[in-house]
Structures are given as C-alpha cells and as structure tokens.
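S.K.: build me a model:
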Amino acid sequence: MKVLVADKFERSGLDGLEAAGCEVVFEPDLAGEGLTRAIATSLAEVLVVRSTAVTAPMLDAGRLALIVRAGAGYNTIDVAAASQRGIYVSNCPGRNAIAVAELAFGLILALDRRIPDNVAELRAGQWNKKAYSNARGLCGRTLGLLGGGHIAREMIRRAAAFGLNVVLWSRRFAGEQRALTESEAVAFGVAPALGQIAVTLAPTPGDVAAAADILSMHLALAPDTRQLVNAELLGRMQWGACFVNTARGELVDHAALAEAVRSRGLRVALDVFAAEPSAGTGTFSDPLIALPGVYGTHHIGASTDQAQEAIAAETVRIVRCYKETGKVPNVVNLARRSPATHRLVVRHRDRPGVLAHVFAHLREADLNVQETENIVFEGAAAAVARINLDGAPAPELCDRIAAGSADVLDLQVIAL
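M.R.: Take a look at the predicted model:
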C-alpha cells in the first residue's frame, strides 16, 4: 500500500508506516496543483495531511481510498466530495487535547496577569509594578466552556487545579441547566474534579457567556457554529471578562469581538484567526490584534512534541488497521443512519452463487442494496445474510428467489 504524506510529519510516524509494510512518499511541502500532480503520479491509496487543503479535483486525480487528517479538525478537506467518491476520511480526535488545553490555560494566565505587556515594558526599560500588580486572580472564578469534547475535558481537569468553577455547554447536554452528575463526570473522565470544583451545565451558549469570568472556545467548525460568538453573545459577557479561542477562527465574528473589546473592556487571547497565512511563515494582519488587551499566538495549540508524536502514532494505527482489515477507525464521513427502509434476511446453504442469485433478482426489481452482512454458522454448512434495501421486496419477488435456488432455505422481510 502506498501512502503519500503531504505535510510535516513526525519521523516516528514515517517509520511506523514503513514498519506496517507501506511504501511511503514523503513530500511535506505539497499544496494546490503540486499536490494534485503528486496524487496522480504516485497513485497513492492513502493521503496524510495536516493543514493542507484537499479539494475535489485532487480526489479525481488518482486512486485515493483514504484520507487521514493528522489532527482533530478536518474542515480543510472536502468531505462531501470524498463521500461522493467513496473515499474514507479519518482523523485523530483527542490526541492533541492536552496540548491545546495547556496553551489555553497559558493564555488565560497571560490575560489575568498581563504577562506579555509586563515583558514588553521591561524590555523597553520601563518598571511599572504599580500598574501590573492589579490582577483579579483565578481561584474561585468561573470558567465558561463552549464545547464538551476531549479538550473541554482537559480544561476541566486543569480548572480544578486552579480552583476555577466551570459552566459548560455542549450539544450532548443542550437545553439542560443543572450540575453535572457524578456518573456523568465518570463517563466524561472528570470525576476527580467534582470533589474540588462545581461543574454546571448551561442550556445555551449565551447562558455560559453570561455566567463566565473567562469564556473559552472548544467547538468544531460546522454550519451551526460558524460565527456562534457574535454581537449578541458577546453582549451577555461581563464587563472586563476574558475571552480565549484556541479552536477555529471562523467561530467568532471578529468585528463584533473588536467592538466588545472597545466597549465592554474584554480581554482577548486568540490562537486562531479566520484569515491565516496558508504557509508556516508569511505576513499577517488583523486589526483586532492591534487593540490593547488582545494577545495572539500563531495557531500553535496542537504544536507540542508530545501531541505530534501521539498524532503520528494514531495515524499509523489508522493506516495499519485499514491495510490489514479493510476497516478505518475514526471515520467522519459514513452515514450515521442507513437510508435503508427494509431488511431481507436470507437463511441459506453456504455455497458459491447463492448470494449472486439473490442479488440478481434484487437488481431486476430495481432494489438497491445499502448494506449487507453474511454470517456463517459453525461448520460452514449454512449462513444467514442480512441485506438492507432501499425499498420493500414484494412477496412475488421473495417467492422467485426461493424457488430459483434449492440452497435458499428461508426468507424474511423486516421493515426498518
């Protein structure tokens, strides 16, 4: 199996792919037309990328069967186009959660103690202890989290160490306003934190914003989360509160955020921006960063050695599993629910041609097979096939299937 790695990738990951028996083509600077040509000429079955955009024309260029996003978010990949072509898209969720949470807390501390401004004035030869001694501190304050995934879990664990109470909104608890139960905390992986701090669920993102001294973003980018942080939500935040975004720049209306900085005294720290340079280096301009009380970093949330090693190991696991079993862990573009409406259950002798006979009759009836599985009984003399269809097979069709093969033992139709 040939694997094209078209982004920076850890040496341990490249070694792991080769150890799995893959032929690895490592070209970390590919993008645009160069990537399209490489997909075409390499004939790679697997493409590994980090932040590089993957477009529909690239998917038509070669013989890709699997795209692995070596990270969590996959908004740079045309997932819809991949789905139309039967190409798996997989990612590495949670492997960079600790790194992102560490940066988020670093930014929170920087905002509270104005650390970058401290450093800048000292470097300029100015001593201003009087001004910088004015800080609220974190213990006992409320951290608001938008999102309830792996990174939010790590944020809660660190919040407990700092004595911060937590108010949380996520889709899984949408509309609920109550304390997180002990069993939920165990399932969520934050049970020890409940003994030290309060973790409260809020019904809406706006309710989190209103309750939080610090609001931190940990949501994936989706149509319903794009510019979720808008003027209305920012208007519910407390005067002088802190806002941190280490998720996606497109989650935030930057014009509304700039206005909130000016009119509501918000302190802001951003690791992500809606208009970032596509390369690792380049010029950058965003008027928001020039405002007092706004700090920025260079989209480095997941960029620790530990995180990248973990992501590389997960990427190797995904590719190895696909190579050895045909199954793909962490697939993001399979249908959550089959469009099938009926299931045809066929009990049959396990002999060549039996299922071909069944499928031929289904094709003649213009019934599409959505999913199928064939389970063999002990001794391999008989099996049962479960065939999910996009319509109901007529009784006459079932009779023809049964009559046309002595190896068909029984037929059953189930409405799904």
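S.K.: tell me the domain ranges of this structure?
M.R.: According to automatic domain parsing, the chain comprises the domains 2-95+306-325, 97-301, 342-415.
S.K.: okay, and for the stretch 51-200 of the chain, where does confidence drop off?
M.R.: For the stretch 51-200 of the chain, no stretch has pLDDT under 70.
S.K.: now do the strands in it.
M.R.: Along the stretch 51-200 of the chain, counting by DSSP state E, counting those that start in this stretch, strands occupy 66-69, 88-91, 142-146, 165-169, 178-179, 199-201.
S.K.: again with the stretch 201-350 of the chain
M.R.: 214-217, 242-245, 267-270, 294-296, 342-349.
S.K.: show residues contacting stretch 9-26.
M.R.: Stretch 9-26 is contacted from outside by 1-5, 28, 38, 42, 44, 46, 48, 50, 70, 308-309, 311-313, 315-316, 319-320, 323-324, using Cβ atoms under 8 Å, 6 or more residues apart in numbering. In short, each C-beta sits where N, CA and C put it, glycine included.
S.K.: buried ones in that stretch?
M.R.: 9, 10, 13, 14, 16, 17, 20, 22, 24, 25, 26 (16 or more other Cβ atoms under 10 Å).
S.K.: report pLDDT for the last one.
M.R.: pLDDT for residue 26: 97.
S.K.: please report the distance of it from residue 156.
M.R.: From residue 26 across to residue 156, the span is 38 Å (Cβ to Cβ, to the nearest Å).
S.K.: now residue 377
M.R.: 48 Å.
S.K.: these two: which is more packed in?
M.R.: residue 156 (26 against 11; other Cβ atoms under 10 Å).
S.K.: with adjacent residues omitted, what lies nearest to that one?
M.R.: residue 190 (4.4 Å; Cβ to Cβ, 6 or more residues apart in numbering).
S.K.: which ones are touching the one you found?
M.R.: Applying Cβ under 8 Å, 6+ apart, one finds that residue 190 lies in contact with 153, 156, 157, 160, 180, 199.
S.K.: could you work out the most separated pair of the residues you listed?
M.R.: 157 and 180 (13.3 Å; Cβ to Cβ).
S.K.: would you map the helices across the stretch 1-150 of the chain?
M.R.: Taking DSSP state H, counting those that start in this stretch as the test, the helices found in the stretch 1-150 of the chain are 11-19, 32-42, 56-61, 79-84, 97-113, 115-123, 129-132, 150-162.
S.K.: in TSV: the ones you listed, plus distance to residue 258.
M.R.: Formatted as TSV, the helices of the stretch 1-150 of the chain follow (distance: least, Cβ to Cβ, whole Å):
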stretch	distance to residue 258
helix 11-19	39
helix 32-42	32
helix 56-61	35
helix 79-84	32
helix 97-113	16
helix 115-123	18
helix 129-132	24
helix 150-162	25
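S.K.: closest one to residue 369 among those helices?
M.R.: Shortest distance between residue 369 and the helices of the stretch 1-150 of the chain, using Cβ to Cβ, is found for helix 79-84: 18.0 Å.
S.K.: centre of the chain to that closest one, how far?
M.R.: Helix 79-84 has its C-alpha centroid displaced from the chain centroid by 16 Å (Cα atoms, centre = their mean, to the nearest Å).
S.K.: then stretch 192-202?
M.R.: Relative to its parent chain, stretch 192-202 has a centroid offset of 25 Å by Cα atoms, centre = their mean.
S.K.: ok, stretch 65-85 next?
M.R.: 11 Å.
S.K.: what's the end-to-end length of it?
M.R.: End-to-end distance of stretch 65-85 (Cα to Cα, to the nearest Å): 9 Å.
S.K.: thinking again about what came up before, could you measure from the residue nearest to residue 156 over to residue 168?
M.R.: Applying Cβ to Cβ, the value for residue 190 to residue 168 is 10 Å.
S.K.: give me the common contacts of the two.
M.R.: In contact with both residue 190 and residue 168: 156, 180, 199, using Cβ under 8 Å, 6+ apart.
S.K.: neighbours of the residue lying closest to the second one once chain neighbours are set aside, just the number please.
M.R.: It refers to residue 180. Leaving aside its sequence neighbours, residue 180 sits nearest to residue 199 (Cβ to Cβ, 6+ apart; 4.2 Å). Neighbours of residue 199 under the rule other Cβ under 10 Å: 22.
S.K.: with the one 4 residues further on instead?
M.R.: The number of residues packed near residue 203 is 14, by other Cβ under 10 Å.
S.K.: adjust the sequence numbering to begin at 325 for everything that follows.
M.R.: Fine by me, first position is 325 from now on; the one you just mentioned is residue 527.
S.K.: correct me, but it touches residue 495?
M.R.: No. In this structure residue 527 lies outside contact range of residue 495 using Cβ atoms under 8 Å: 12.0 Å.
S.K.: any chance you could map the helices in the stretch 625-740 of the chain?
M.R.: Secondary structure of the stretch 625-740 of the chain by DSSP H, counting those that start in this stretch: the helices cover 629-649, 678-688, 719-727.
S.K.: then the stretch 475-624 of the chain?
M.R.: Under DSSP H, counting those that start in this stretch, the stretch 475-624 of the chain gives helices at 506-512, 515-518, 529-535, 555-558, 578-588.
S.K.: so which of the ones you listed has the densest surroundings on average?
M.R.: Comparing those by mean neighbour count (mean count of other Cβ atoms under 10 Å), helix 529-535 ranks first with a mean of 21.
S.K.: residues in contact with it: which ones?
M.R.: Outside helix 529-535, the residues that reach it (Cβ under 8 Å, 6+ apart) are 466, 468-470, 491-493, 501, 524, 526, 539, 552-553, 556-558, 560-562.
S.K.: show the buried residues in the residues you listed.
M.R.: For these, buried by 16+ other Cβ under 10 Å: 466, 468-470, 491-493, 524, 526, 539, 552-553, 557-558, 560-562.
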